[in-house]
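Peer 1: build me a model:
(2 chains)
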Amino acid sequence: MAAPPGTVGKAPVAAPASTATRDGRRAIVAMAALFAIVPWVGLYPVFVMKALCFALFACAFNLLIGFGGLLSFGHAMFLGTAGYVCAHAAKEWGFPPELAILLGTAASALLGIVTGLIAIRRQGIYFAMITLAIAQMMFFFYLQTPFTHGEDGIQAVPRGRLFGFIDLSSPIAMYYTVLVIFLAGFLLIYRVIHSPFGQVLKAIRENEPRAISLGYDADRYKLLAFVLSATLSGLAGATKAIVFQLASLTDVHWTMSGEVVLMTLLGGMGTIFGPVVGAFVIISLENYLAPFGQWVTIVTGLIFVICVLAFRRGIVGEVAAWMERRRGS
Amino acid sequence: MTEVFGIPTQALFGQLLIGLINGAFYAMLSLGLAVIFGLLNIINFTHGAQYMMGAFCAWFLLNKLGVGYWWSLAIAPVVVGATGILIERTMLSRLYKLDHLYGLLLTFGLALVIQGVFRNEFGSSGLPYRIPDELAGSYNLGFMFLPKYRGWVILASIVVCVATWYMIERTKLGAYLRAATENPVLVQSFGVNVPRMITLTYGFGVALAAFAGVMAAPIYQVSPLMGADLIIVVFAVVVIGGMGSILGSVITGFLLGVVEGLTKVFYPEASNTVIFVVMVIVLILRPAGLFGRER
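Peer 2: Predicted coordinates:
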């Protein structure tokens, strides 16, 4: 069973490991500094917070597709589940925000374990269809179950006080909280990708039978990657619920699953920064196109088509390849 | 009034009929998906949008050009199938050498574009489509009333499914098709034009979806999103049946329609989710699907 040729997840950069990691670390510091000054340069913080939540979501998704070669088409269920649980805990049970987020994230982790155990039984296209179907099942569950308040969603979720003394109703405090959560998630993913676990994951993506014959339990690695991705998606969803004080059906709908695929594809699958770039581009685009009704869907679809036909490495992947060519010549 | 398990037989047979109708659409759509997947190795996410295009084509023919249902049944699949061929030639054919997931992503994007364009044009509310006069009214079967049109849908879908099965499993053309599924390079070396066969296969699968769309127009309302949620259920049906066998996907389609109908009678809250639950159970017990082969 030879793996079909393609560029799904194949890391486009082949720079020597040491310079790559050094460059990577520098770039991460630069990114963190850039985000840290955002509230002081006149950018609308709520917009950046939204983009950061989606960036974390896309990074978590990228861990699975870019480094594990698994295309999940149901990742919205993790974003939405954590959002609902977090919102419910904060509003109905009066949990402080840090505990509510933690609980929401744990709920997604649990869902990730269950879904993962079922979905990794099949590969490739089937994996995508199964995750999509399970996500749709969760959508109907949330549509019918009373605690989510159906079409209205859970509204007016209190932001509360972080650790009892940081008042999150202040936009600056909220912004830096989101930034810290995003950076923590991002660094965790960065660490995982560069760990032995990440290497084995890549080996399984490239050639699963060979990895198995070398003694690696491929299913266990895939499951762990899936659960990790689900958990971090949950973290993004729970944080988003606190930021917007809302958990709604939008976050569990299949269009959301498609959106995260698009962000990752556009930014560059299997690149470190690609999902972040993709998330910012797509969220800006949606902001800009929001008054034009259905044009969002049409433009989104067109970007999908263009990316797949002509732009498979994504923005970051293309830039990296361009720099590589320049360095080489 | 007679009862079975405390359920009035009228309600039971009524839901059973609705189940069979839904099953007929699951069967036709999953059949098209299976045919396309067999040769192209692509899961056609646009299938739901193409089903919707079939229904709109019929609506347009009737309301703008005065062309009736029966002609639509022939014209819509040809028109929509032709757009499918265009998509295959201009876009899908560039992806065959890549990972199959790209085909899924491309067709997903196309589905978004098509649905978005139709929603821009027609809004998201449904448009009614009149049942043709020949099929209006209903038969009294003694224990229930069978609307003529619904009976026709079940009959016609069975005929279409069996004809497709016959074409693929029992004719020379079908033999080429199956051979090309197994080993396209070898078939091509025998002088069969495989790329053209792939194009026509995609067109045929799309035409099947459009045919189902025309059939659905008088039953469900014609709306831009009529295929969007349906296609996810059909994916679950495909996972349950496994895409290895044509007949398998047809049987699974009808079976799951009936299961869904019965769930509506006995436990209505679960009727939306029952197919997905069945999918999970099948995956645990038989990961390759009911009729699938482990590849």
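
Peer 1: quickly note the distance from the residue in the stretch 151-295 of chain B that chain A sits nearest to to residue A:91.
Peer 2: As assessed by Cβ to the nearest Cβ, chain A sits closest to residue B:276 within the stretch 151-295 of chain B, at 3.7 Å. For glycine as for every other residue, the C-beta is placed from the backbone atoms N, C-alpha and C. According to Cβ to Cβ, to the nearest Å, residue B:276 and residue A:91 sit 29 Å apart.

Peer 1: and the strands in chain A?
Peer 2: Taking DSSP state E, the strands of chain A run over residues A:161-162, A:166-167.

Peer 1: packing partners for the last one?
Peer 2: What it means is strand A:166-167. Packing contacts for strand A:166-167, counted by 3 or more Cβ pairs under 8 Å, 6 or more residues apart in numbering or on different chains; DSSP states H and E, involve helix A:171-193.

Peer 1: report the distance from the helix it packs on to the chain centre.
Peer 2: Chain-centre distance of helix A:171-193: 12 Å, with Cα atoms, centre = their mean, to the nearest Å.

Peer 1: looks like residue B:139 contacts residue B:145 (just checking).
Peer 2: Yes. Judged on Cβ atoms under 8 Å, residue B:139 makes contact with residue B:145 at a distance of 7.1 Å.

Peer 1: what about these two, which has more around it?
Peer 2: residue B:145 (15 against 11; other Cβ atoms under 10 Å in any protein chain shown).

Peer 1: nearest spatial neighbour of that one, skipping sequence neighbours?
Peer 2: Among residues not flanking residue B:145 along the chain, residue B:138 sits closest, at 4.7 Å (Cβ to Cβ, 6 or more residues apart in numbering or on different chains).

Peer 1: now do the contacts for the one you found.
Peer 2: Contact analysis of residue B:138 by Cβ atoms under 8 Å, 6 or more residues apart in numbering or on different chains lists B:145-148.

Peer 1: would you mind measuring from it to chain A?
Peer 2: According to Cβ to the nearest Cβ, to the nearest Å, residue B:138 and chain A sit 31 Å apart.

Peer 1: quick one, grab the pLDDT at that residue.
Peer 2: Listed pLDDT for residue B:138 reads 83.

Peer 1: for it, phi and psi?
Peer 2: phi -150, psi 160 (degrees, to the nearest 10).

Peer 1: got the contact list for the most centrally placed residue in chain A?
Peer 2: Residue closest to the mean C-alpha point of chain A, counted by Cα atoms, centre = their mean, is residue A:57 at 2.1 Å. For residue A:57, the contacting residues are A:75, A:79, A:232-233, A:236-237, A:260, A:263, A:279, by Cβ under 8 Å, 6+ apart.

Peer 1: okay, those residues in a markdown table with distance to chain B, neighbour count and pLDDT next?
Peer 2: Below are the contacts of residue A:57 laid out as a markdown table (distance: Cβ to the nearest Cβ, whole Å; neighbours: other Cβ atoms under 10 Å in any protein chain shown; pLDDT from 0 to 100):
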| residue | distance to chain B | neighbour count | pLDDT |
| --- | --- | --- | --- |
| A:75 | 14 | 32 | 95 |
| A:79 | 18 | 34 | 96 |
| A:232 | 21 | 29 | 97 |
| A:233 | 19 | 34 | 97 |
| A:236 | 22 | 33 | 96 |
| A:237 | 21 | 35 | 96 |
| A:260 | 12 | 29 | 95 |
| A:263 | 13 | 28 | 94 |
| A:279 | 17 | 29 | 95 |
